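> here you go, sequence then predicted model.
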Amino acid sequence: MSRFIIIVSFISCSLCYGQSTETTKSLINKMHQSILKYQDLRFTLFRAERKNYKFVNGRFDSKLSMDPFRVYIKNTFPSKGSEILYIKGRNNDKAWVNPNAFPYITLSLDPEGKLLIADGHHSLKETGFTLFSKMFKHYQLIHKEKFYAYLKYFGTIEWKKSTCHKFILNYPDYKIMKYTAKKGENLYKIASKLLLNIAKLKELNPSINDKKELIAGQQIRITNAYGKKAVFYLDSKSFLPVYQEIYDAKGLYEKYAYTNIKYGKQIPAEEFSTDYKDYNF
């Protein structure tokens, strides 16, 4: 009798695992589809990013259009009232910046430069959900079915008055390793190619200028994955990853929370202009 119970239990667990894996695959596929589908987004983003054991917090309202890539940001904290507008290929590929402070003039700044990134982990060019989707596709391709042993689905939860699907991704083999640079590479290009966190590469290689071309054969330190652990929520209506926590070996590394998201409607082109009536460039 006990043997029968064990066999039934084993079959039941196998079925549950199979169903859970299929549910997970289906939801992740919907996430990829939604990120591709919703090319125009309005949202409020709260960010908390670790820098030298302390967290740098920020909050801004944004308008984003992916094709062509255009982004408008108005900060509410810090630098309240400051504005940024970036349109790929325009203004010599620099961002227009209204600092809302002295010298009270519109500046043109490198979207990947230190003045705009400050202590943040990402550049303007990484605004939105595309990088998140690229990372998942990358690890799905590398690990295939094993990827779903790392990714666990925890059902639905209520977050910010919305029903969301909760996931936790654990990458047990996360580690720091050496990388040999190829001709023409810099830290940004390596991070982009390997889908790693540029802020982490800067942290691991503090003496290296992140945009300076490395010498072919030069060794640097990188991580073998973007993070050790990720906790994220998919909104049950949009299937966008509206809440994200990323951990490294030391603990929480960065957190992003998207609220007031509006999707499915094209943003008028005039709202990506320095002359738009609601802006102060």
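Structure's in. What do you need? Numbers count the residues shown, from 1 in each chain.
> rest of the way, CA atoms for contacts and neighbours
OK.
> any idea how far G155 lies from T24?
Applying Cα to Cα, to the nearest Å, the value for G155 to T24 is 10 Å.
> the more surrounded of those two?
Neighbours per residue (other Cα atoms under 10 Å) separate G155 from T24, with T24 holding more: 20 against 12.
> quick check: the more buried one is in a strand.
No - assessed with DSSP: H, G, I helix; E, B strand; the rest coil, T24 is helix; it does not lie in a strand.
> quick one: the strands in the protein?
Applying DSSP state E to the chain gives strands spanning 40-51, 54-66, 69-77, 83-87, 95-98, 107-109, 151-159, 162-170, 176-180, 219-223, 229-235, 241-248, 251-263.
> right, and those - which one's nearest A191?
With Cα to Cα as the criterion, A191 lies closest to strand 219-223 of the strands of the chain, at 8.8 Å.
> H121 contacts L196, correct?
No - counting by Cα atoms under 8 Å, H121 does not reach L196; the two are 11.1 Å apart.
> ok so, going back, adding mean pLDDT, write the strands of the chain out as TSV.
As requested, those are exported to TSV (pLDDT from 0 to 100):
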stretch	mean pLDDT
strand 40-51	97
strand 54-66	97
strand 69-77	97
strand 83-87	98
strand 95-98	98
strand 107-109	97
strand 151-159	97
strand 162-170	98
strand 176-180	98
strand 219-223	98
strand 229-235	98
strand 241-248	98
strand 251-263	98
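> can you put these in a markdown table and add distance to D210?
Compiled in a markdown table, the strands of the chain are given as follows (distance: least, Cα to Cα, whole Å):
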| stretch | distance to D210 |
| --- | --- |
| strand 40-51 | 16 |
| strand 54-66 | 20 |
| strand 69-77 | 23 |
| strand 83-87 | 21 |
| strand 95-98 | 19 |
| strand 107-109 | 17 |
| strand 151-159 | 32 |
| strand 162-170 | 28 |
| strand 176-180 | 15 |
| strand 219-223 | 11 |
| strand 229-235 | 25 |
| strand 241-248 | 20 |
| strand 251-263 | 20 |
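> pull the number of nearby residues for the residue nearest to I73 when sequence neighbours are not counted.
Nearest residue to I73, sequence neighbours excluded (Cα to Cα, 6 or more residues apart in numbering): S62, at 4.5 Å. Using other Cα under 10 Å, S62 has 21 other residues around it.
> run through the bridge partners of S62.
When bridges are called by DSSP bridges, S62 pairs up with F43, I73.
> let me see the contact set for the residue nearest the centre of the chain.
In the chain, the C-alpha nearest the mean C-alpha coordinate belongs to F132, at 4.7 Å (Cα atoms, centre = their mean). By Cα atoms under 8 Å, 6 or more residues apart in numbering, no residues touch F132.
> next one: Y258
Contacts of Y258 (Cα under 8 Å, 6+ apart): F43, T44, L45, F46, V242, Y243.
> relative to F60, how far out is the residue nearest to the fifth one when sequence neighbours are not counted?
The one in question is V242. In this structure, V242 finds its nearest non-sequential neighbour in Y258, 4.9 Å apart by Cα to Cα, 6+ apart. Counting by Cα to Cα, the separation of Y258 from F60 is 10 Å.
> what comes up buried for stretch 44-54?
T44, L45, F46, R47, A48, E49, R50, K51 (16 or more other Cα atoms under 10 Å).
> skip the chain neighbours and tell me the closest residue to the fourth one.
In space, R47 comes closest to Y256 once its chain neighbours are excluded; the distance is 4.7 Å by Cα to Cα, 6+ apart.
> count the residues that sit near that neighbour.
20.
> I'd assumed F43 was in contact with it.
No - with contact defined as Cα under 8 Å, Y256 does not reach F43; the gap is 12.0 Å.
> what residues are up against P68?
Contacts of P68 (Cα under 8 Å, 6+ apart): I87, K88.
> need the pLDDT of it.
For P68, the pLDDT comes out at 93.
> so who does the nearest residue to T130 once chain neighbours are set aside touch?
Distance criterion Cα to Cα, 6+ apart; nearest residue to T130, sequence neighbours excluded, is I35 at 6.5 Å. Residues near I35 by Cα under 8 Å, 6+ apart: F129, T130, S133, L240.
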